[in-house]
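**Student:** Curious how this folds, go ahead:
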Amino acid sequence: MRIKLLLLLFFSLLSGHSQQILPEPQRARVIDEILNTRFNDLLPKLMDQTGIDMWILISREYNEDPVLKTMLPATWLNARRRTILLFYRNKEKNIIDKLAVARYNVGENIESAWDKEKEPNQWKRLVQLIEERDPKKIGLNFSKDHNIADGLDKTDYEEFMENLPKKFHSRVTSAEQLAVRWIETRTEREMVIYDQLVDITHAIIAEAFSEKVITPGVTTTTEVEWWMRQKVTDLGLDTWFHPTVDVQRTSEELVGHLYSFSGRPDNMVILPGDLLHCDFGITYLRLNTDCQELAYVLKPNEVEAPVFLQEALKKGNEVQDFLTDNMIAGKTGNEILAKSLADAKAVGLRPAIYTHPLGLYGHSAGTTIGMWDAQGGVMKDDGENYPLNPNTVYAIELNTTVNIPEWKRDIRIMLEEAGFFGEDGFRYVNGRQTKLLLIPRARPHLGN
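**Tutor:** All right, here's what the predicted structure looks like:
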């Protein structure tokens, strides 16, 4: 085992990554240890804050509630049969019951509370547990405003209500606030790990946007995309979306925002003088990254990117600063969006902001700060009224349009970096891009 770990570390360092990628057994241990903290330390606080003393999650195998899926132990890749989880919080006694109305314990944290030989009917056993605890509020995962908090399917909801005694019906409520807080809130240990995830993400992008992968005049954008995808697989990681790489150059006009994601041509040959952009993220230890960075392909005799492109990147950083300065606890996404756009436009910038929560899912639950096609603010069912909470992570995703006289056109500086909003304010999880990556890397010791 020690030799295997050393080999993993060696190949990780060889490929330019400063973080060791764990083998599966160690990943499982870390995941389960984090779950233990989340269940025993975080969940009671969230239940108290949201006023729900009983939370019931119901899923069937291969049709998992998105929240329940984040609660499964490392060795459970799916629910089993119908899995029912019941969490009961007694604030006065400072205890929390973590029960499964299932044939098995769900990992080490959630104890099976159903003996089918004693009570063959799963719903009746659930009702017994409810009646024994007599909760004030029973939270279920249904929600119009937050898709991830809407995981209870129609069949299970109807069967639950049919079996629930009438006296409890008025106590049933949406658990959307609790579900979103569970999904969005990061623990201290998760944030230590998150820094490593983003470091790995940055390292893969840096390698992709280098002469190791790109030969100008030969390599295509599609080949770089598949190189990134293969790199993720080779490292034993996952990704939650297919990487994209696109080009802006002097001979092309700026097109719509969707160009970078779904309208760009495939297999564009990368040439000297190109401004490259990528959108890339990984999934590791149940957390997700989402990153967009820029690179410039040096022309012969160039040792740095043109000043006008360097200055354009600085304008993108300015928009980032306006946004993160306006991230204030308790403000809604629409409030943050409006103030940030106004501040940026007041100094002559041409911004667009579409920042989203990031964490257990890529496009996660929480405070949405704009969408690329909703710069006037998002609607209620996209989380308009949801406030910014501490200990949450966001993909600081945005762009600014910059006119480049030298190219006789506008370009778009598109950036995305993971950022943490904590009790002390905002910080980037593992830094942000402030200089263009260069292809090939400059060799200033070589003269003309």
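**Student:** Number of residues surrounding Pro405?
**Tutor:** 7 (other C-beta atoms under 10 Å). (Glycine included, C-beta is placed from N, CA and C.)
**Student:** OK, contacts around it?
**Tutor:** Counting by C-beta atoms under 8 Å, 6 or more residues apart in numbering, Pro405 touches Phe308.
**Student:** let's have the chain start at 34 instead
**Tutor:** Fine by me, first position is 34 from now on; the one you just mentioned is Pro438.
**Student:** List phi and psi for it.
**Tutor:** Dihedral pair for Pro438: phi -60, psi -40, per degrees, to the nearest 10.
**Student:** how much space between Phe341 and Asn436?
**Tutor:** 10 Å (C-beta to C-beta, to the nearest Å).
**Student:** Ok, Glu344 next?
**Tutor:** Distance from Glu344 to Asn436, by C-beta to C-beta: 11 Å.
**Student:** again, but for Gly140
**Tutor:** Noted for Gly140: a distance of 56 Å to Asn436, by C-beta to C-beta.
**Student:** all helices in the stretch 84-233 of the chain, in order from the N-terminus.
**Tutor:** For the stretch 84-233 of the chain, the helices defined by DSSP state H, counting those that start in this stretch occupy 99-102, 155-166, 187-196, 209-217, 221-241.
**Student:** Pull out the buried positions in the longest one.
**Tutor:** Neighbour-count burial for helix 221-241 flags 223-224, 226-241 (criterion: 16 or more other C-beta atoms under 10 Å).
**Student:** tell me what that helix is packed against?
**Tutor:** helix 57-70, helix 254-267, strand 308-313, strand 320-321, strand 324-330, strand 442-455 (3 or more C-beta pairs under 8 Å, 6 or more residues apart in numbering; DSSP states H and E).
**Student:** Domain parsing of this protein, as residue ranges.
**Tutor:** For the chain, the structural domains run 58-215, 219-472, going by automatic domain parsing.
**Student:** Export these to TSV and append columns for mean pLDDT.
**Tutor:** Output for the domains of the chain, formatted as TSV (pLDDT from 0 to 100):
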stretch	mean pLDDT
domain 58-215	93
domain 219-472	93
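**Student:** Convert the C-alpha atoms of stretch 178-189 to CSV, please.
**Tutor:** In CSV, the C-alpha atoms belonging to stretch 178-189 read as follows (Å, rounded to 0.1, in the frame of the first residue of the first chain):
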residue,chain,number,x,y,z
ASP,A,178,-38.0,27.9,-5.9
HIS,A,179,-35.1,25.4,-5.5
ASN,A,180,-34.8,22.4,-7.8
ILE,A,181,-32.4,20.6,-5.6
ALA,A,182,-34.8,20.9,-2.6
ASP,A,183,-37.7,19.4,-4.7
GLY,A,184,-36.6,15.8,-4.6
LEU,A,185,-39.7,14.1,-3.1
ASP,A,186,-41.5,12.4,-6.0
LYS,A,187,-45.3,12.5,-6.5
THR,A,188,-45.8,8.8,-5.6
ASP,A,189,-43.9,8.9,-2.4
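**Student:** So what pairs up with the nearest residue to Asp130 once chain neighbours are set aside in the strands?
**Tutor:** Closest residue to Asp130 apart from its sequence neighbours, by C-beta to C-beta, 6 or more residues apart in numbering: Tyr121 at 4.2 Å. Beta-bridge partners of Tyr121, counted by DSSP bridges, are Met87, Asp130.
**Student:** about what we covered before: mean neighbour count and distance to Leu471 for the helices and strands packed on helix 221-241 - can I get that in TSV?
**Tutor:** Below are the helices and strands packed on helix 221-241 laid out as TSV (neighbours: other C-beta atoms under 10 Å; distance: least, C-beta to C-beta, whole Å):
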stretch	mean neighbour count	distance to Leu471
helix 57-70	15	35
helix 254-267	17	15
strand 308-313	24	11
strand 320-321	24	28
strand 324-330	24	6
strand 442-455	22	16
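**Student:** Asp376 is nearest to which of those?
**Tutor:** Evaluated with C-beta to C-beta, the helices and strands packed on helix 221-241 place strand 442-455 nearest to Asp376, the distance being 16.9 Å.
**Student:** which helices and strands does that closest one pack with?
**Tutor:** So strand 442-455, by 3+ C-beta pairs under 8 Å, 6+ apart, packs with helix 221-241, strand 308-313, strand 324-330, helix 340-358, strand 425-437, strand 458-461.
**Student:** re the thing from before, Gly140 and Asn436: who's more crowded?
**Tutor:** The neighbour comparison of Gly140 against Asn436 (other C-beta under 10 Å) goes to Gly140, with 20 against 13.
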